Each structure stands twice: as structure tokens, then as C-alpha cells.
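> Kindly return the folded structure for what I paste below:
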Amino acid sequence: MDKAAGQSNPPPMMQQRDGEFTSAILITSDTDWLKKWNTPSSTTPQFKTSSTLKSGDTAAVLIFFSGLNEAGGRLKLMCEIEIRKPNGATQTVPETVCYDEASLGQRKNVLIADARIEFKVQSGDPAGFWEFRIKLRDANSSARTTSIVGVRVDTESGRP
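Predicted structure coming up:
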């Protein structure tokens, strides 16, 4: 659903911070995003953000973070995801573990959550603005962030 006059739709990328905990959520149409991510740590991957998708396009909502607190030798992130479609339909993934790994000194490195949303725009999908609300919580501290990103879906422009 589009925002009222004077309000803008959320961007396709948002970064939030709570103390040392930082999150960055982005919508990308890069089909090779995983290949870009799996590069040597000396290489900073570059992802193209997407603000508009047409029928047939694929996209992914990626969750990056850094600065989790270690407890018991582990880093643990909790994620809650809500998808709001322009037709009013809402889909919610309740809070669940989306990263749980042994801490190997990487707490300040940028990491990627196991949770992500990957989708392909179909001709029957509702046209308009799709909104993704991502709530993240460091399971080992009180740090948390909430980010809202969005993309316009134009199912007409992909048709011949």
C-alpha cells in the first residue's frame, strides 16, 4: 500500500545501529549475490539495490550484521520478518534463530544471517509497494534493530 501524501516509501537498503550491534538490510536483484558474498575477506562485495521489480524479476532481501556479543563461545542472532503486500496481505515469520555460530573472533566482521527472503515476481502478484520489516535481536544482549525496506512491483511492465 502506498503511503499517504508527504510520507515516502521505505528505501531498498537500510542500516541501523544499537551500541556496537549494526544491521544492514538490502533488496538486491543480483542473481549472483551468494557468489559475490563468498569472496576472500580482502574483497568487499558490491550489491546492486533494487527499488523497482517487474514480472519475471528475481530478488533477495539480505540481512547483514556485525557486533554481536559472545556468550558461551557463540554468536547468536534472532530474526523476525514481516512482509506487507500492497493488497493488504501480511505474512509474518515469528522470531527465530537466524545465526548461531561459534565465535572465532569475527564478532566485528560483517556477517550474513541464515534468514533471507528470495522471490520471483509473478504476473499474478499484486502490483504496488511491497514492504519488508526486519527485526533483529542479539540473543546475548539487549541490542536490537528494526529496519523497513521496500520495493515497487510493476507486474505490467514485464508483459509483452
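> Tell me which other helices or strands the lengthiest strand in the chain touches.
When the chain is parsed with DSSP state E, its longest strand is strand 90-102. Contacts defined by 3 or more Cβ pairs under 8 Å, 6 or more residues apart in numbering; DSSP states H and E place strand 90-102 against strand 74-84, strand 128-138. All C-beta spots, glycine's among them, are computed from the backbone N, C-alpha and C.
> ok and that strand relative to strand 74-84, angle-wise?
170 degrees (axes from the mean of the first three to the mean of the last three Cα atoms, to 10 degrees).
> Could you pull out the strands in this protein for me?
13-18, 21-28, 52-54, 58-66, 70-71, 74-84, 90-102, 111-112, 117-120, 128-138, 144-154.
> Strand partners (parallel or antiparallel) of the fourth one?
As defined by DSSP bridges, the strand partners of strand 58-66 come to strand 21-28 (antiparallel), strand 111-112 (antiparallel), strand 117-120 (antiparallel).
> repeat for the first one
Using DSSP bridges, strand 13-18 pairs in its sheet with strand 21-28 (antiparallel).
> Now do the strand it pairs with: distance to the chain's middle.
Here strand 21-28 is found 6 Å from its chain centre; the criterion is Cα atoms, centre = their mean, to the nearest Å.
> Can you list the neighbours in contact with it?
12-17, 47-51, 59-69, 110, 132, 134, 136, 138, 141, 143-145, 147, 149-151 (Cβ atoms under 8 Å, 6 or more residues apart in numbering).
> go again using 6 Å as the cut-off
12-16, 47-50, 59-67, 134, 136, 138, 143, 145, 147, 149, 151 (Cβ atoms under 6 Å, 6 or more residues apart in numbering).
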